[in-house]
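My questions are about this predicted structure, shown below with the sequence.
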Amino acid sequence: MEDKSKKRKLFFALKILAIFALFSAIGYGGYAFYQTHNELQAVKQRSATEKTRSEAKISMLEKNIAAMETELGRKDAENTDLSQTLMSEKDKNTLFESQIQAIGGTVGKLTKLSQTDKELLQKYSKVYFLNEHYVPENLTVIDPKYVFEKNKTAQFHAKAYPYLVQMLEAATSTNPIQIISAYRSFGDQTLLKANYVVTYGSGANKFSADQGYSEHQLGTTMDLTTPTLGLAFIKFDGSDAYNWLTENAYRYGFILSYPKQNTYFQYEPWHWRFVGVDLAAKLHNNGQFFYDLPAREIDSYLISIF
Ligand SMILES: [Zn+2]
């Protein structure tokens, strides 16, 4: 009996223990579950927070990028503006340069014009003649082979001389032409006039001193003859040399100052003057006389005389 009771008590105690253990286990399990759940929640919370933060960061970065793109676009536009400004400035500079060059060209022409002796294309008369002190800027001695009187030194305007030589050389083979007289100073002219008066009497005025007076003092004018005619150059008209000159002298810039039928002076077939190729060609092509042309028109040829 006692044993049975003991066993029952023991069994009961074991049962209680088992139940307690069971409850303890359930309790611990519940606790553990609760803890785990909480931890999971916390992790989830942290992840969510982290995600929100990352999204905020991404959004901020995106905004930054957008702002930078806007800025970049603005800078591009600025650069475009700047390069356009630069180009237009360059264009302006090019324009200025060409304007300066044009001005330089004009100045060059004006300088050349201002340095060209205006007397070279003047119309002279019995009332308008060169100053007695006038001397050409540069005279050169004419090669004696072109001069009829070999013992006389003849001079010519240095800048016009090459044209004279070319003309005389071109005529040499068929119609040799020689120079009787070229540059004459005021003093020479006075002396010559006196001699002519002595030789020919008052008729000397008709073919010498008064007419070609100033033109010979210029240094660009000469009286021509042929080796055959020599000093009898007043018969130059009708010679082959004269005919050749009327057809060709203009090519070298020479004109007959007083042609037949001119209304200015008497006819002087031997007296030729350098006026430049342009003007001589114009006169030849239009059948005009130098002394009939208005001074204003003649002046426009001064720049191209040499
Ligand atoms: Zn003359």
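Perfect, I can see it now.

which element is the nearest residue to Gln261 once chain neighbours are set aside on?
The shortest distance from Gln261 to any non-neighbouring residue, by C-beta to C-beta, 6 or more residues apart in numbering, is to Tyr267 (7.8 Å). Placement of C-beta: from N, CA and C, glycine included. Assigned by DSSP states H and E, Tyr267 belongs to no helix or strand.

ok, now the one 5 residues further on?
Applying DSSP H and E as the criterion places Trp272 in strand 271-274.

isn't the residue nearest to Gln261 right up against Asp237?
Yes. With contact defined as C-beta atoms under 8 Å, Tyr267 reaches Asp237; the gap is 7.4 Å.

For Phe274, see how far away Ala158 is.
12 Å (C-beta to C-beta, to the nearest Å).

brain fart, Tyr161
Going from Tyr161 to Phe274 by C-beta to C-beta gives 9 Å.

before we move on, what about Asn79?
In terms of C-beta to C-beta, Asn79 sits 64 Å off from Phe274.

More neighbours: which of these two?
Per other C-beta atoms under 10 Å, whichever of Asn79 and Phe274 has more neighbours is Phe274, with 30 against 10.

and that one, what pLDDT?
At Phe274, the predicted lDDT confidence score is 98.

Then Glu2?
pLDDT for Glu2: 66.

can you map out the strands along the stretch 1-150 of the chain?
Ranges of strands in the stretch 1-150 of the chain, per DSSP state E, counting those that start in this stretch, are 139-141.

Just the closest residue of it to the ion, please.
Closest to the ion within the stretch 1-150 of the chain is Tyr124: 11.6 Å, counting by C-beta to the ion.

same thing with the stretch 51-200 of the chain?
In the stretch 51-200 of the chain, no residue comes nearer to the ion than Ser181, which is 6.5 Å away by C-beta to the ion.

Identify the bridge partners of that residue.
Ser181 has these beta-bridge partners by DSSP bridges: Asp223.

tally of neighbours for it?
Neighbour number of Ser181 under other C-beta under 10 Å is 23.

Number the residues from 47 up from this point.
Sure thing, new numbering starts at 47, so read that last one as Ser227.

Quickly note the distance from it to Thr186.
Between Ser227 and Thr186 the distance is 16 Å, computed by C-beta to C-beta.

Likewise for Phe202?
Phe202 sits 6 Å away from Thr186, going by C-beta to C-beta.

got it, and Ala123?
From Ala123 to Thr186 the distance is 71 Å (C-beta to C-beta).

the more surrounded of these two?
Higher neighbour count among Ala123 and Thr186: Thr186, with 17 against 10, using other C-beta under 10 Å.

right, and that one touches Tyr207 too?
Yes. The pair Thr186 / Tyr207 is scored as a contact, 4.9 Å apart, by C-beta under 8 Å.

which residues of the stretch 97-246 of the chain score low on pLDDT?
Along the stretch 97-246 of the chain, the parts satisfying pLDDT under 70 run over 238-246.

Mind naming the longest helix for this structure?
helix 48-161 (DSSP state H).

and that one, how far from the chain's centre?
Using C-alpha atoms, centre = their mean, to the nearest Å, the mean C-alpha position of helix 48-161 is found 62 Å from that of the whole chain.

Please, which helix or strand holds Tyr304?
Going by DSSP H and E, Tyr304 is not part of any helix or strand.

Just give me the residue right at the centre of this protein.
Centroid check for the chain by C-alpha atoms, centre = their mean gives Gln147 as the closest residue, at 4.5 Å.

residues in contact with His329?
Actually, residue 329 is Leu rather than His. Listed by C-beta atoms under 8 Å, 6 or more residues apart in numbering, the contact partners of Leu329 are Tyr296, Ile301, Val321, Phe335, Phe336, Leu339.
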